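In: sequence plus predicted model, see below.
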Amino acid sequence: MTETAIYTDNLTRDFSTVRAVDGLSLEIPAGTIFGFLGPNGAGKTTTIRLLLGLLEPTEGRAEVLGFDTRTQADEIRARVGALLEHHGLYERLSAEDNLEFYGRVWHLPRAERQARIRDLLTRLGLWERRKEQVRTWSRGMKQKLALARALLHRPSLIFLDEPTAGLDPVAAAAVQEDLATLVAREGVTVFLTTHNLAEAEKLCHLVGVIREGRLLAVGSLNELRSRARAPQVTVTGRGFTDEVLALLRARPEVTEAALQNSVLSLTLRKRTEIAPLVAALVKAGVQVDEVRRDEVSLEEVFLTLMEEAQ
Amino acid sequence: MIGDIWAVMWKEWKELSQGAGRGRLGLLAFLGVFGVFMPLQMGREWVASPLVPVAAVWVSLFLVTTVVSDSFAGERERHTLETLLASRLPDWAILFGKVGAAAAYGWGLTTLGLLLSLVTINTAYRAGRALLFPTTIGLGAVVLSFLGAGLATGAGVLISLRAASVRQAQQTMSFALMALVFGIGFGGQALPDAWKVRLAQTLAGMDTSLALLISAGMLVLLDFGLLAAAMGRFQRARLIA
């Protein structure tokens, strides 16, 4: 059985009259990269604060690595890493001193601390600049350093709150790449909040969508895609006669068939197998050159869910 | 436990040592006044003067005031506090590490100033035997400056945790300190003449050791009171919400 890294049941948090997180129920298996998607102010950061035990829930409960966030927050914080909304680096200190400090905080023995700092900074391409004050660094470099800090003590779970927010596309891609490499190497569970859908698509195994504190959907990317809109297939070839179109429209799994410039567009019912359709086309005398399934992007999924919520 | 406090102190000192150069110049000027100018003004009387412990308390108060607000309000202003609170460090370790660093900074530099003043006096006025503080004055200055540093740190924590920014915290602390200085000065002036004479006679007749002991006792009570209040205020849930 897969171990559960994060479990929440009706987790709710109010700030005076505002409900920031509203009845959140989640189960995230260990070893997963979980993407928590939502627009600004959706409740992503508050959820992380609740999971870290920095805030107490108004209602409901949560367990992180098997520990209750209300009564065992110290145990949780002793086992996780975090890169929060702000990178939290001491800008007057050098990169090395920033990691040295957190290495001491995590009680890493001196030799292990030094080796780990060297390893992480080298892998992130920051070793040569370790003596420089962090304030002289670019935002992308700071985010990488903050990522190194979050992984320094080899936590089994890390929280990343919009790790590429505010970065230019090149820096964001570099951080994402390093993140993917390090996470794969270290084998940690990741709880990643983002409103960058491409980032979630690139990194996450499991995705949750939140809006105004409420969880709209949770599942793998494929599961969410299937919820967004009906699957579409385009077929390129020759011999698409009116009879063929009528034949297709008569099939129960096809909801729509349209022909334009020798390209047939089919809208299908969910969970439709494509192979029998292609076989039927060939049998009807169509010369099929190419069959392409049109993937639903996460952006479409996200926008559909947002529209539904409205 | 101690390791956690030490880790926070290490970070605080690192940050202090990497601080702006302007701050260092101010610090040198301050030490110059306390360790050179004042002893030269008073001459060889300096070593036996009951003013030395009083001056030492003021010096440690001023020195701590310059750093404590940056340590607490600055951590929040620079958005490093939440990451620190998300670590495994207990609240009290963060608090005591910061308090310890600020107090040690104020007390340590005051002690350095006292030693510098001895060097100054001995360089300028030594005739045969070395001029040293009598035990009561020397010990009183060291102990009272330590307690003064504790007082400023405790007050600084409470003010900084309520302030919106480092600047506001520093302004409030400076204002409180000035109010204390001018309050004592003007308050003394405002007393009726008969009271002034009586007060002067009481102070003149009082044994120096007893006066220092009473002062130390009062400072200890204030230090513990402020530290207890700071511990009540410095809690994760209250700092994040």
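Out: That came through, no problem.
In: run through the residues that contact residue A:77.
Out: Residues in contact with residue A:77 (Cβ atoms under 8 Å, 6 or more residues apart in numbering or on different chains) are A:52, A:53, B:86, B:87, B:88. For glycine as for every other residue, the C-beta is placed from the backbone atoms N, C-alpha and C.
In: where does the fourth one sit: helix, strand or coil?
Out: Residue B:87 carries the three-state label coil when classified by DSSP: H, G, I helix; E, B strand; the rest coil.
In: what does the second one give?
Out: Secondary structure of residue A:53, reduced to three states by three-state DSSP: coil.
In: residues near it, how many?
Out: The local packing of residue A:53 (other Cβ atoms under 10 Å in any protein chain shown) involves 26 other residues.
In: same check on the last one?
Out: Counted with other Cβ under 10 Å, the neighbours of residue B:88 add up to 18.
In: tell me the phi and psi of it?
Out: The phi and psi torsions at residue B:88 (degrees, to the nearest 10) take the values phi -80, psi 0.
In: same check on residue B:173?
Out: Residue torsions, per degrees, to the nearest 10, at residue B:173 are phi -70, psi -40.
In: tell me the spacing between the closest residue to it other than its chain neighbours and residue A:21.
Out: Closest residue to residue B:173 apart from its sequence neighbours, by Cβ to Cβ, 6 or more residues apart in numbering or on different chains: residue B:65 at 4.8 Å. Computed as Cβ to Cβ, to the nearest Å, the residue B:65 to residue A:21 distance reads 40 Å.
In: and the residue of chain B found nearest chain A, what does it touch?
Out: With Cβ to the nearest Cβ as the measure, residue B:83 is the residue of chain B nearest to chain A, at 2.8 Å. Contact analysis of residue B:83 by Cβ under 8 Å, 6+ apart lists A:82, A:84, A:86, A:87, A:88, A:149.
In: now list the buried members of the residues you listed.
Out: A:82, A:84, A:87, A:88, A:149 (16 or more other Cβ atoms under 10 Å in any protein chain shown).
In: okay if I get those as a markdown table plus secondary structure?
Out: Output for these, formatted as a markdown table (three-state DSSP):
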| residue | secondary structure |
| --- | --- |
| A:82 | strand |
| A:84 | coil |
| A:87 | coil |
| A:88 | coil |
| A:149 | helix |
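In: nearest to chain B, of those?
Out: Nearest to chain B among the buried ones among the contacts of residue B:83: residue A:88, at 2.8 Å, using Cβ to the nearest Cβ.
In: name the residues that touch the helix or strand of chain B with the lowest mean pLDDT?
Out: One helix or strand of chain B scores below all others by mean pLDDT, DSSP states H and E: helix B:21-32, with a mean of 76. Identification of contacts with helix B:21-32 by Cβ under 8 Å, 6+ apart yields B:59, B:62, B:63, B:66, B:109, B:112, B:113, B:116.
In: now do stretch A:235-248
Out: The contact list for stretch A:235-248 (Cβ under 8 Å, 6+ apart) reads A:254, A:257, A:259, A:262-264, A:266, A:277-278, A:280-281, A:284-292.
In: list the ones among these that fall in strands.
Out: A:254, A:257, A:259, A:263, A:264, A:266, A:287, A:288, A:289, A:290, A:291, A:292 (DSSP state E).
In: pick the one among those closest to chain B.
Out: For the ones in strands among the contacts of stretch A:235-248, the nearest to chain B is residue A:292 (45.8 Å; Cβ to the nearest Cβ).
In: my guess is the closest one contacts residue A:233. True?
Out: Yes: using Cβ atoms under 8 Å, residue A:292 is in contact with residue A:233, at 6.9 Å.
In: flag the shaky bits of the stretch 101-250 of chain A, pLDDT-wise.
Out: Across the stretch 101-250 of chain A, the ranges flagged by pLDDT under 70 are A:228-229.
In: which bits of chain B sit near chain A?
Out: B:3-4, B:6-7, B:10-11, B:14-15, B:18-19, B:78-80, B:82-90, B:236-237, B:240-241 (Cβ under 8 Å from any Cβ of the partner chain).
In: can you point out the buried residues in stretch A:243-262?
Out: A:244, A:245, A:247, A:248, A:251, A:253, A:254, A:257.
In: ok, of the residues of chain B next to chain A, which come out buried?
Out: Applying 16+ other Cβ under 10 Å to those flags B:4, B:7, B:10-11, B:14-15, B:78, B:80, B:82-89, B:236 as buried.
In: pull the distance from the helix or strand hosting residue A:114 to the chain's centre.
Out: According to DSSP states H and E, residue A:114 maps onto helix A:110-123. Distance, stretch centre to chain centre, for helix A:110-123: 28 Å (Cα atoms, centre = their mean, to the nearest Å).
In: that older thread, show me what the following helix or strand past the least confident helix or strand of chain B is packed up against.
Out: Using DSSP H and E, the next helix or strand after helix B:21-32 towards the C-terminus is helix B:38-42. In terms of contacts (3 or more Cβ pairs under 8 Å, 6 or more residues apart in numbering or on different chains; DSSP states H and E), helix B:38-42 is packed against helix B:91-125.
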